[in-house]
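Asks: any chance you can model this:
(chains A, B and C)
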Amino acid sequence: MKALLVCEVREGKLLESSYELLGFAAAMEADPVMVMVGTEDSVPDFKGTVYLGDVASMGEYNPGEHKQLVLDAVEKENPDYVVFSHSSYGWDLAPRVASALGVAQISEVVELVDGKFVLDACNAKVRRLVSPKTDRVVLTVQAGAFSDDGSFEGSPQVEKISPAGDGHPMEFLGYEEVDTGGVDLTKAEVIVSAGRGIGKEENVEMIRKLAKAMGGELGASRPVVDAGWVDHGLQVGTTGQTVSPKLYMACGISGAIQHLAGMKKSDFIVAINTDADAPIKEIADVLVVSDVTKLVPALLEELGG
Amino acid sequence: MEATREIYWNVGHGVVPIMYVLAVLAVAFLAWGFYRRIRVYRRGRPVDRLANLGGRVSRLLVNSLGQVKVMKVRLPGITHASFFWGFLVLFIGTLLVMVQADLMDPFFDTIFLKGDFYRGFSLVLDIAGLVAIIALVGLLVRRFVVRPDGLDTTKDDYIMHGFLLTILITGFVIEGARMAVTELDAAPELARYSPVGLVFAHALYGLGKSSLQSLHKVLWWVHLVLAVGFIASIPLTKFRHMFTTSANYLFSDLGEKGVMSTMDLEDEEAEQFGAAELEHLTWKDVFDGDACTVCKRCQDRCPAYRTEKPLSPMRVVLQLEEAAFRGSEATLIEDVGSDVLWSCTTCRACEEICPAEIEHLDKILEMRRNLVLMEGEFPGEEVTMAVNNVEVNGNPFGLAFATRGDWAEETDMVLMSEDSEVDVLYFPGCYASFDSRNQAVARSFARICSAAGLKVGILGGEEKCCGEPLRKLGNEYLYQAVAAENIEKFQKYGVTKIVTTCPHCFNTLGRDYRDLGLEVEVEHYTLFLDRLLRDGSLELEAQPFDFTYHDSCYIGRYRDIMDAPRQVLQATGGRITEMDASRYESFCCGGGGGLVLAEEKTGRRINVERVGMAQETGTSTLVSNCPFCLSMFDDGVKAAEADLQARDLAEIVEERLKT
Amino acid sequence: MKILVCVKQVPDMASSVTINAEGVWYVDEGLAFRLNEYDEYAVEEAVQLKEQLGGEPDLTILSIGPGRVKEAMRRAMAMGADRGVHIVDDEYYKKDSHQIASMIADFAKDKDFDLVFTGMQSQDRGSGQVGPAIAAQLDYACVTTLVGFEYEDGKITATRELEGGLHAKVKLAAPAVVTCQLGMNTPRYPTLPNIMKVKKKELLEFSPDDFASGDALVVTESMYVPEKKGAGLVLEGDAGEVAGKLLDVLKEKTSIVK
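Replies: Numbers count the residues shown, from 1 in each chain, chains lettered A, B, ... in the order given. Have a look, this model is predicted:
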């Protein structure tokens, strides 16, 4: 079996998720080949073939041409699997490729069981076991679900391709950094996050205090950021920052799949929630069934802060 | 000499026609002035406030003549009442003089102002005049010297005080001048029956007869012109309150306190919901502005105003009047301000104290209806989310509706879907069902019911929010939707009796739902417990403790239920120290009017303010009977770091159940 | 101008999910339903565009599912649509994303929609495939994961939300399919007159057989509630006590608390 892995490059740098795809290929027991849009400097540490589209001529994000690049690689390699990361790049590009190939697409794979694919559904409350009906399958893989064991380390053999467009040009106007607030949560050892369960904007303050008292940083789930209670720069999750601190405390966070994906690699996870069945309990080392607004002040008192 | 006096002495009967012409002109001006104002009142929608006219007239007479509500605030109230009665007596006296001088004497040759009657008449009028002057000076000192906070003084007030004081004083000077000439020497025993006039007479005596007569004549005309001027100024100044404020007793809403009108949402032709313009309010809403005497008693008691929110109930009423009479470029809501409208907790302190019987709440709530139903606006995104949560899951927390009955798992409460043959249905409401602090209260109540040997049912997952906070925020549509679902369940199970631990559910199920077709007996648990204690179904072992009691708005002011809870607490062994602001003067916890769902963004926190009042009693326990109050006080105690525990009445009773 | 907004009614995520007898989807009973949150933003953006263009554009709300989805459709329509199209399908869950997209594309193909708005994924299945798949079948341009949308004379300037607090701005031409991310705008609360007007708007019903869906490319073998990992410790009780216990655990298990 062969797997064509679609790597992602941003602003000249290859994203780490590309290596996770190798882990996925290994788990599938498939021989990997890679395809990407980037520069010669950004090719991965991979002892196999890498089909390279030139980002200078194709553009950072130009789905028509990126899709065509993948299709060209598919034609050359005839893979059984075409694999993307389930990222803003992957979930956008994969369906275009699947439609063009007329094959099944299975999104956000979290696990493999007997050659079938396990996906999360309903906010990770339930799982689905699915299988494709076509011989070739397009797949997207959840960030962090698989990891590379380094067995494919080496120098790649690069083959350049200049694909055509698909009649729907897209002009890339540029990136915008959204108010980062200057905090790099990926470096923090302790993160205490506020979720919708804190109730009111004024309660963010007590979470902030707790973070400080524990020697860490304040984080937040998406709803709290969307409500304007904290800067976007503090958002943890697939569309925020992906973190793996020594200690992650989720206060009033139910555990939407996008948030979990952003922090489930943390060493020790504590969840504080009034809902004993909150999805976050699946990954929590400790679930405290309590009202955040009562427990946090009690913690602060115990910590003397 | 006969005890009487010559009417028109010194001025002569020639003044009579002039006097009448002026009087008629003044009264005509008065009538026209009011006619113009009536046309503006009628810009508002019609509403029937004259049914049961007999009862209304007696309310008017009792309250305006008796100054009952005016005197609820002691010192200024009694002062105003004294002035009013004094002036009223003088007015009646003047009428009597007119009747004799212009009717009885010339046409029937009858004089009744003579003898003992005249002596009494003189004495009473003199005292009335004195009382009026003293009271007026008192009011003047209060307004211009003491200057209470929030009391606005405008040019109207200067005019009014000026007119009244000079009319009264010239009255006595005229009397004094007359007595100096006609009574001091000739009838000194009679003069004693006009003691104030006597003082003036002595003071003026030295002027000599001809000067006195000139003085008398001049002042008589001055007094007449002032009186005529006074009458003419009535529609133009706050003097109009003599008519408009009194009339407001005639036009009162004789229905139950604090009930909102149920909108007809089936009407496909309706294009306007709530009030955006004056024309959408009733004529009574416009008239209320004219009835307002700017006494600020409502503002003084408004929990929002007291904590520096932008709302003053008095201002809202006056703004409506201004918009009506002076016109406005902006819409009503732009004039008043939506942040003002959203600050109201519907506590009814304003309406309860208002001596003019103004209905502040209806105006605010109708404008809220416009904001929500026509603009889709809420006080904040957290409120929109709570409202959406009610729509999806039947509770503002957004918790799964199917778990609503889980709190009752270890109690004897029965699910109606399993067994609907119960003694009474318990309607816990959203907070008692889902909020952990209030779930404890629900469980306490459940244990009390078991102890009383009652079989109580709950709807559990079939129960939805009663809809009250939504209704008070203005979302009549969603309120009627959830109400309909609740009513359907009550009817499905043949429910005839409901008991609830929440005053908001209590009012809504018991009153508001009647318009939607539900006729069942709904009891608040304080009355329920009081009854059980009195008929012996419930026995307690009193454990003494000190406490202060908070009369929640929706039980106290709305339903006059203040004694029963106190009796229950006494039976538990409680020793009460009342807060200054208790019973009808109780100060809201801040959770009413749907605001329990909103963040408090301006000013100081209402709950902290109230907790402060509780702390002043020196007791360690603040007892309440409402889930909103309990949540608010728990928060307030924490925020104020108070040495106080917020508890619910049910918890206290349950602790003392005889085992 | 013609706009199509595709919406889905999904269970509210607060409710617990029970698997149906077939073992492949959830049971409706005990669930509260709502308009898919991502679709709410899509509807709002479409309505805002309609307002921007003076109310001229014709806006259709489309949904596939059993009778109950009409409630969600009406909510969407009350935000400001002109009509609804309901493909009544009690077995919608057996169709995979490709089939759903095919049906929608089949409906849309002869209607000349300038823009198709939809949420970037559904809260229940969450495949994120339907939007781009519709575009591929209609041969429309497509841009996904939008947090910003501007339109002028057939040109779209879109702001996409990427990872790590990064946004990317792109420009493309209509006709296009646009998928919306959370937080793109503030969905309006429907006014009562608009809610009442929905009663008078047409809500067309179709059978799934009216549209070509093709064969399923992905089959659901089973849907199941994952077994509890069990490794987690649960603490409950009085806040003061629990706080103490938690700190003890942290002292023991991590190097964070001393």
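
Asks: going forward, measure contacts between C-alpha atoms and count neighbours the same way
Replies: Fine.

Asks: give me the pLDDT for residue 116.
Replies: All of this refers to chain A. On pLDDT, residue A:116 comes in at 96.

Asks: that's the wrong chain, I meant chain C
Replies: 98.

Asks: residue C:232 too?
Replies: 76.

Asks: I'd assumed residue A:281 was in contact with it.
Replies: Yes. Residue C:232 is in contact with residue A:281 according to CA atoms under 8 Å; the separation is 7.2 Å.

Asks: between those two, what contacts are shared?
Replies: Residues touching both residue C:232 and residue A:281 (CA atoms under 8 Å, 6 or more residues apart in numbering or on different chains) are residue A:287.

Asks: show me where the stretch 101-250 of chain C has strands.
Replies: C:115-119, C:141-152, C:155-161, C:166-173, C:176-180, C:202-206, C:218-224, C:233-236 (DSSP state E, counting those that start in this stretch).

Asks: show me what counts as buried in the third one.
Replies: Buried residues in strand C:155-161, defined by neighbour count with 16 or more other CA atoms under 10 Å in any protein chain shown: C:156, C:157, C:158, C:159, C:160, C:161.

Asks: JSON lines please, covering the strands of the stretch 101-250 of chain C and showing distance to chain B.
Replies: Below are these laid out as JSON lines (distance: least, CA to the nearest CA, whole Å):
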{"stretch": "strand C:115-119", "distance to chain B": "19"}
{"stretch": "strand C:141-152", "distance to chain B": "19"}
{"stretch": "strand C:155-161", "distance to chain B": "23"}
{"stretch": "strand C:166-173", "distance to chain B": "25"}
{"stretch": "strand C:176-180", "distance to chain B": "20"}
{"stretch": "strand C:202-206", "distance to chain B": "17"}
{"stretch": "strand C:218-224", "distance to chain B": "20"}
{"stretch": "strand C:233-236", "distance to chain B": "12"}
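
Asks: can you put the ones you listed in JSON lines and add distance to residue B:279?
Replies: Listed next are these as JSON lines, based on distance: least, CA to CA, whole Å:
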{"stretch": "strand C:115-119", "distance to residue B:279": "41"}
{"stretch": "strand C:141-152", "distance to residue B:279": "40"}
{"stretch": "strand C:155-161", "distance to residue B:279": "44"}
{"stretch": "strand C:166-173", "distance to residue B:279": "49"}
{"stretch": "strand C:176-180", "distance to residue B:279": "42"}
{"stretch": "strand C:202-206", "distance to residue B:279": "34"}
{"stretch": "strand C:218-224", "distance to residue B:279": "59"}
{"stretch": "strand C:233-236", "distance to residue B:279": "57"}
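
Asks: got phi/psi on residue 19?
Replies: Here I'm looking at chain A. Note on residue A:19: its backbone torsions stand at phi -70, psi -30 [degrees, to the nearest 10].

Asks: oops, chain C please
Replies: phi -80, psi 140.

Asks: restrict the buried residues of strand C:155-161 to contacts with chain A.
Replies: Contacts with chain A within those, counted by CA under 8 Å from any CA of the partner chain: residue C:161.

Asks: re earlier: between residue C:232 and residue A:281, point out the one with more neighbours.
Replies: Neighbour totals were compared for residue C:232 and residue A:281, and residue A:281 leads with 27 against 16 (other CA atoms under 10 Å in any protein chain shown).

Asks: beta partners of the residue nearest to the more buried one when sequence neighbours are not counted?
Replies: Using CA to CA, 6 or more residues apart in numbering or on different chains and skipping the chain neighbours, the partner closest in space to residue A:281 is residue A:287 (6.1 Å). Beta-bridge partners of residue A:287, counted by DSSP bridges, are residue A:271, residue C:234.
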